[in-house]
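Novice: Based on what follows, work out the 3D shape:
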Amino acid sequence: MKKPKFGWDNRSFMVFVDSCVIEVRKSNKTGTRLTKVGWENIQKHMKDKTEYEKKKKKELKLYDRLMRLETGLGGTRNLIDASPNGGRRK
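Specialist: The predicted structure follows:
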């Protein structure tokens with residue numbers, strides 16, 4: 001079973017839900033969907049409240065690339081395990 005690439009912590013999830021409620025109350029929606037302005041406001045609010053930066057996404061891409069392309073590596077998101085011979089250049 002594949003692990004999800006992103007996991008919500010409780011605080012971030014609640015900030016997202018609150019942001020959605022605020023935008024719906026501001027009528028930044030068309031029918032059952034948020035408008036572009038509504039989504040932009042949610043994005044700004046999430047960034048302000050959770051301090052999310054694109055740097056995290058870039059780091060995740062680098063980590064995923066490292067784990068896919070390098071042999072002899074294993075571990076979790078918090079720890080990379082390498083074999084004793086892993087330090088040699090190819």
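
Novice: Ile42 and Cys20 touch, don't they?
Specialist: Yes: using CB atoms under 8 Å, Ile42 is in contact with Cys20, at 6.4 Å. Where you see a C-beta, it was placed from the backbone N, CA and C, and this is true even at glycine.

Novice: so how many other residues sit close to His45?
Specialist: His45 has 17 neighbours, counted by other CB atoms under 10 Å.

Novice: Lys49: neighbour count?
Specialist: By the criterion of other CB under 10 Å, Lys49 has 15 neighbours.

Novice: now Leu66
Specialist: Applying other CB under 10 Å, we find 11 residues neighbouring Leu66.

Novice: cool, and Ile42?
Specialist: Number of residues near Ile42 (other CB under 10 Å) recorded here: 19.

Novice: Surely it forms part of a strand?
Specialist: No: with DSSP: H, G, I helix; E, B strand; the rest coil as the criterion, Ile42 is helix rather than part of a strand.

Novice: Find the nearest non-adjacent residue to it, please.
Specialist: Leaving out its chain neighbours, the residue that sits closest to Ile42 by CB to CB, 6 or more residues apart in numbering is Ser19, at 4.4 Å.

Novice: what mean pLDDT does the host helix or strand of the one you found have?
Specialist: Using DSSP states H and E, Ser19 sits in helix 10-25. Helix 10-25 carries an average pLDDT of 90.

Novice: Quick one: residues in contact with the next helix or strand after that helix.
Specialist: The helix or strand immediately downstream of helix 10-25 is strand 29-30, counting by DSSP H and E. With contact meaning CB atoms under 8 Å, 6 or more residues apart in numbering, strand 29-30 is reached by Glu23, Thr35, Gly38.
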